[in-house]
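Colleague: Build me a structure from this.
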Amino acid sequence: MSPIAVGGPALFIGSDTPCVALVRPSIDPAQPEVREAAERAGVTPEEFAGPSDLWQLIADRTDGEGREIALDDLTDAAAADFAERLAAALADPDAESTVLLTVGAHDVLRLDSRPAGEGFAFLATVVPPPAEGTLPLEVEIGPSSASDLRVELEQFRRSLG
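Modeller: I've put the predicted structure just below:
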């Protein structure tokens, strides 16, 4: 079976692992692969594809430790605001910065950046909601090119419309 195509806005800080990603996955239930998988699972293609308006924060470290947090209350406008604040923070190649992603009065992501070579390195702290009872996860993300980060942020903002 061919892989299922997943679209939707996605912002990746880091490439591969380690990384943090802010994503709103969208799966088209009309894809033949989705229809086939849904049939095998005994659900409708729409149920299998799931909603396409729910944001997720995903963090992955090289040691296999990771987190995935559903951000039910995150809006496209708030995601765009986060991207704009991050772009502004990275405008000065010699400055350290901190950018927070807050959802429902809870800081779910703290992104500390510092200059590194021709770009920035990051310490991402992912903080699950207190109700989950899991500890924050820190992810060290090695140097990322400043120009690549600008392109990633611009593509993300455009994908939000």
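
Colleague: quick one: buried residues of the lowest-mean-pLDDT helix or strand in the chain?
Modeller: None of the helices or strands of the chain scores lower by mean pLDDT, DSSP states H and E than helix 45-49, at a mean of 84. By 16 or more other CB atoms under 10 Å, the buried positions in helix 45-49 come out as 45, 48-49. Every residue, glycine included, has its C-beta placed from N, CA and C.

Colleague: Following the chain past it, name the next helix or strand.
Modeller: strand 55-60 (DSSP states H and E).

Colleague: Tell me the neighbouring strands of the helix or strand that that following strand is followed by, and mark each as parallel or antiparallel.
Modeller: Helices and strands here follow DSSP H and E; after strand 55-60, the next one along the chain is strand 66-71. Here strand 66-71 has these sheet partners by DSSP bridges: strand 55-60 (antiparallel).

Colleague: Have a look at the protein and report its longest strand.
Modeller: For the chain, the longest strand by residue count, based on DSSP state E, is strand 106-116.

Colleague: what's next to it, contact-wise?
Modeller: 13, 20, 22, 57, 69, 71, 86, 89-90, 93-102, 120-130, 142-143 (CB atoms under 8 Å, 6 or more residues apart in numbering).

Colleague: Tell me where the chain has helices.
Modeller: Assigned by DSSP state H, the helices in the chain fall at 32-41, 45-49, 76-89, 146-159.

Colleague: Could you work out which of those helices reaches nearest to Gly7?
Modeller: Closest of the helices of the chain to Gly7 is helix 146-159, at 8.9 Å (criterion: CB to CB).

Colleague: which stretches of this structure have low pLDDT?
Modeller: Across the chain, the ranges flagged by pLDDT under 70 are 1-2.

Colleague: Can you give me the neighbour number for Glu152?
Modeller: Look at Glu152: counted by other CB atoms under 10 Å, it has 20 neighbours.

Colleague: can I assume it is in contact with Phe12?
Modeller: Yes - at 6.4 Å, Glu152 counts as touching Phe12 under the criterion of CB atoms under 8 Å.

Colleague: partners of the most centrally placed residue in the chain in the sheet?
Modeller: For the chain, Leu22 is the residue whose C-alpha lies nearest the centre (CA atoms, centre = their mean; 1.5 Å). Leu22 has these beta-bridge partners by DSSP bridges: Leu11, Leu57.
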